[in-house]
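**Q** My questions are about this predicted structure, shown below with the sequence.
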Amino acid sequence: MLAMHKEDVKAAIRKRFRSVRAFEAAHGLPDRSVSDLLRGKRSRRVEEAVLTLLATSDDPSRQSEVSDHSAERAGAHPMNRSAA
């Protein structure tokens, strides 16, 4: 079974596919199969698809640009600069 919290799993899916339904469709999985898996209903095919996604989500090149770089760009907008 998945070791991550179910909200973390859904977040990883949404980061890559924008919705859990899009992930299911892309992998030829039945509707609500990810939800069923996260509620404890075992399905090897669904679990393998999710585990494959999670294994590739650890790749730094796939992480969100906004969360990774937002601090670096904070000073770029004139509203963020302090008055001298």
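**A** In hand now; what should we look at? Residues are numbered from 1 along each chain as shown.
**Q** Helix or strand for Leu51, just tell me which one.
**A** Assignment of secondary structure by DSSP states H and E places Leu51 within helix 44-57.
**Q** name the helices or strands packed onto that helix?
**A** With contacts taken as 3 or more Cβ pairs under 8 Å, 6 or more residues apart in numbering; DSSP states H and E, helix 44-57 sits against helix 6-17, helix 33-38. Placement of C-beta: from N, CA and C, glycine included.
**Q** Go through those helices and pick out the most buried.
**A** Ranked by mean neighbour count, the helices and strands packed on helix 44-57 are led by helix 33-38 with a mean of 19 (mean count of other Cβ atoms under 10 Å).
**Q** Let me see the mean pLDDT of it.
**A** When the per-residue pLDDT values of helix 33-38 are averaged, the result is 96.
**Q** who does it touch, helix- and strand-wise?
**A** Based on contacts counted as 3+ Cβ pairs under 8 Å, 6+ apart, the elements that helix 33-38 packs against are helix 6-17, helix 20-26, helix 44-57.
**Q** Tell me which of the helices and strands packed on helix 44-57 lies nearest to Phe23.
**A** helix 6-17 (4.2 Å; Cβ to Cβ).
**Q** Could you tell me the angle between the closest one and helix 44-57?
**A** Going by axes from the mean of the first three to the mean of the last three Cα atoms, to 10 degrees, helix 6-17 is angled at 70 degrees with respect to helix 44-57.
**Q** How about exporting helix 6-17 as PDB, limited to the C-alpha atoms?
**A** Taking Å, rounded to 0.1, in the frame of the first residue of the first chain, the C-alpha atoms of helix 6-17 are listed here in PDB:
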ATOM      1  CA  LYS A   6      -3.600  10.500   0.600                       C
ATOM      2  CA  GLU A   7      -3.700  14.300   0.200                       C
ATOM      3  CA  ASP A   8       0.000  14.200  -0.800                       C
ATOM      4  CA  VAL A   9      -0.700  11.500  -3.400                       C
ATOM      5  CA  LYS A  10      -3.600  13.600  -4.900                       C
ATOM      6  CA  ALA A  11      -1.400  16.700  -4.900                       C
ATOM      7  CA  ALA A  12       1.300  14.800  -6.800                       C
ATOM      8  CA  ILE A  13      -1.200  13.600  -9.400                       C
ATOM      9  CA  ARG A  14      -2.700  17.100  -9.800                       C
ATOM     10  CA  LYS A  15       0.700  18.700 -10.200                       C
ATOM     11  CA  ARG A  16       1.400  16.500 -13.200                       C
ATOM     12  CA  PHE A  17      -2.100  15.900 -14.700                       C
END
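**Q** All set, thanks.
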